[in-house]
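S.K.: Let me see the structure of the following:
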Amino acid sequence: MSFYENVFIARQDIAATQVEALAEQFGNIIVSGGGTVSKKEYWGLKSFSFKIKKNRKGHYVLMNIEATGDLVKEMERQMGLNEDIVRYLTVRVEELEDGPSAMMRARDRDDRPRRPGRSFDAQGDES
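M.R.: Numbering: from 1, shown residues only. From the prediction side, this is the model:
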């Protein structure tokens, strides 16, 4: 079995719970065929730089998969048939990344530059 990273984008007008259900549905295709889904990450609702199928935003989801090529093709076929999926991309990788993805690490980072002359303590009060 090979390792794959799959990212799909769901329509902006569906709820986050529906996006999680979609991720479960596609994960079940892999698991039922004997593969494994080691990680699912919801990256949130993000803006596009241009309209895609009349959408300006989309829900992004990453899945790390260990499966055969046929299982991945079946999952992609189901994604193509689903009207809630705007785009998807599956890439074969040498090994799966442990821990949070680069998108999640960037979100957790708090090294943004602060405005000069202002400092805040842990509660957010000015000092």
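
S.K.: Any figure for the gap between Tyr4 and Val31?
M.R.: Distance, Tyr4 to Val31, by C-beta to C-beta, to the nearest Å: 14 Å. To be clear about C-beta, it is placed using only N, CA and C from the backbone, and glycine gets the same treatment.

S.K.: what about those two, which has more around it?
M.R.: Between Tyr4 and Val31, counting by other C-beta atoms under 10 Å, Tyr4 is the more crowded of the two (22 against 14).

S.K.: Ramachandran coordinates for the residue lying closest to Arg11 once chain neighbours are set aside?
M.R.: Excluding its sequence neighbours, the residue lying closest to Arg11 (C-beta to C-beta, 6 or more residues apart in numbering) is Asp84, at 5.2 Å. Phi and psi for Asp84, reported as degrees, to the nearest 10, are phi -80, psi -10.

S.K.: ok, Asp84 - how many residues close by?
M.R.: Neighbour count for Asp84, taken as other C-beta under 10 Å: 16.

S.K.: Now for it: which residues touch it?
M.R.: Ala10, Arg11, Ile14, Gln18, Leu22 (C-beta atoms under 8 Å, 6 or more residues apart in numbering).
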